[in-house]
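Trainee: okay, predicted coordinates and the sequence, questions at the end:
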Amino acid sequence: MRIMMLGAGHCQLNAIERLENEMGLQVVAADYYDDAPGKALSTFKSNASTFDVKACMETAVKFEVDGVMTTGTDQPVYTAAAISESLGLRYFFDSGKALDVTDKKRMKTIMDKHTIINLKLIAILFNAAIALRSCVSNSSTSTVVVISL
């Protein structure tokens with residue numbers, strides 16, 4: 001059985017080692033760094049970027065993988081879901097849900113819709129800049145405290 005690991009850096013080393021050595025699976029390590037440490041532990045290697053769905057899809061097809069995963073990183077979760085969905089492989093959620101949990105704007109929109117408190121960074125930075133500008137122009141001894149709720 002072959003598993004494609006999206007990423008072959010330090011965050012993926014333990015998983016690659018366990019898949020290869022403890023579980024007896026063949027790992028296809030996809031990482032755009034030639035010298036990513038997980039590649040040395042993997043049966044197969046690819047220089048596909050984990051953000052490049054098309055290149056990772058081509059790698060998955062080339063090596064006839066039975067599953068796609070990542071660990072220790074969030075953005076390739078979408079790549080894994082998209083490949084799994086396209087190839088009919090099992091994955092814990094579809095590419096739409098993967099986008100929901102990796103695209104920060106989508107995530108915050110969902111959180112707002114369900115009244116889940118979240119940091120509205122742009123508004124806070126904008127308000128802080130206005131407050132700072134106001135204090136600096138009105139007094140040279142002003143202190144600005146910005147509290148985000």
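Mentor: Okay, I see it. Residues are numbered from 1 along each chain as shown.
Trainee: list the contacts of V27.
Mentor: By CB atoms under 8 Å, 6 or more residues apart in numbering, the contact set of V27 is R2, I3, M4, M5, I16, L19, E20, G38, L41, S42, T43, F44. C-beta here means a position set from N, CA and C on the backbone, and glycine is covered the same way.
Trainee: helix, strand or coil for it?
Mentor: Recorded secondary structure, V27: strand (DSSP: H, G, I helix; E, B strand; the rest coil).
Trainee: which residues touch the closest residue to it other than its chain neighbours?
Mentor: Leaving out its chain neighbours, the residue that sits closest to V27 by CB to CB, 6 or more residues apart in numbering is S42, at 4.2 Å. Taking CB under 8 Å, 6+ apart, we find S42 in contact with M5, A8, I16, E20, V27, V28, A29.
Trainee: now those as a markdown table including distance to I116?
Mentor: Output for these, formatted as a markdown table (distance: CB to CB, whole Å):
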| residue | distance to I116 |
| --- | --- |
| M5 | 32 |
| A8 | 34 |
| I16 | 35 |
| E20 | 39 |
| V27 | 36 |
| V28 | 37 |
| A29 | 36 |
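Trainee: now do the helix or strand where V68 lies: distance to the chain's middle.
Mentor: Assigned by DSSP states H and E, V68 falls within strand 67-69. With CA atoms, centre = their mean, to the nearest Å as the basis, strand 67-69 stands 14 Å off its chain's centre.
Trainee: from the contact counts, what lies against that strand?
Mentor: Strand 67-69 sits against strand 2-6, helix 76-87, with contacts defined as 3 or more CB pairs under 8 Å, 6 or more residues apart in numbering; DSSP states H and E.
Trainee: swap the cut-off to 6 Å and go again
Mentor: In this structure, strand 67-69 packs against helix 76-87, with contacts taken as 3 or more CB pairs under 6 Å, 6 or more residues apart in numbering; DSSP states H and E.
Trainee: and the helix it packs on, average pLDDT?
Mentor: With pLDDT averaged residue by residue, helix 76-87 scores 96.
Trainee: repeat that for stretch 90-101.
Mentor: Here the average pLDDT along stretch 90-101 is 90.
Trainee: hmm, who's touching it?
Mentor: By CB atoms under 6 Å, 6 or more residues apart in numbering, the residues outside stretch 90-101 that reach it are V77, Y78, A81, A82, S84, E85, R106, I110.
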